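**Q** Fold the stuff below for me.
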Amino acid sequence: MLLDNFYTILSSESSDSTIWTIQIELNPKHPIYQGHFPGHPVVPGVCLLQLIKECVEDIRQQKLQIAQVSSCKFLSAINPIETPHISVALTFKEIEEGTLQLQAEGSVKEGAVKENIVKESSIKDSSIEENCAEGHTVKSECFIKLKAALTPKA
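**A** From the prediction side, this is the model:
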């Protein structure tokens, strides 16, 4: 679990029980950045996936596992020293007994991400090209888009 060590949840807001906005503070002093990468820290993609899963677990008060990733795009690299605050928009719904369909978009204020390192991983559905959620009061830039299915951890 990365919560309270790698990152801290600053706030968690919901307009209903399926749409959430989570404000997160990254810990730039976490030991993982000594190797990823020395002198130029970048938040590892796998840590972003774990962070998103843990945010859903915190909301649902339930241990979950990622059952399927239908699409995952890393759009920008995040330097935790320059950009310690990120926002994650979560939309999830139960599609069958215990299985959650999740859409997540991570964003930061425009200009706060490093675009010199861009990774893209599309496992199944490469058709997600839409922009980050509209309606933010502060213009933001998306750094991750994720579509996945989560199931209760056995």
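**Q** Would you state the strands of this structure in chain order?
**A** 7-14, 19-26, 64-74, 85-96, 99-109, 119-121, 140-152 (DSSP state E).
**Q** mean pLDDT for those: which is lowest?
**A** With a mean of 35, strand 119-121 has the lowest mean pLDDT of the strands of the chain.
**Q** In space, what's closest to the residue nearest the centre of the chain - neighbours in sequence excluded?
**A** Nearest to the geometric centre of the chain sits I52, at 4.4 Å (CA atoms, centre = their mean). Closest residue to I52 apart from its sequence neighbours, by CB to CB, 6 or more residues apart in numbering: A104 at 4.8 Å. Just so you know, the C-beta spots here come from the backbone N, C-alpha and C atoms, and that holds for glycine as well.
**Q** my read: the one you found touches S87, true?
**A** No: using CB atoms under 8 Å, A104 makes no contact with S87, being 10.9 Å away.
**Q** Looking at the two, which one has more neighbours?
**A** Ranked by neighbour count (other CB atoms under 10 Å), A104 and S87 place A104 first, with 24 against 20.
**Q** Sweet, I'm off.
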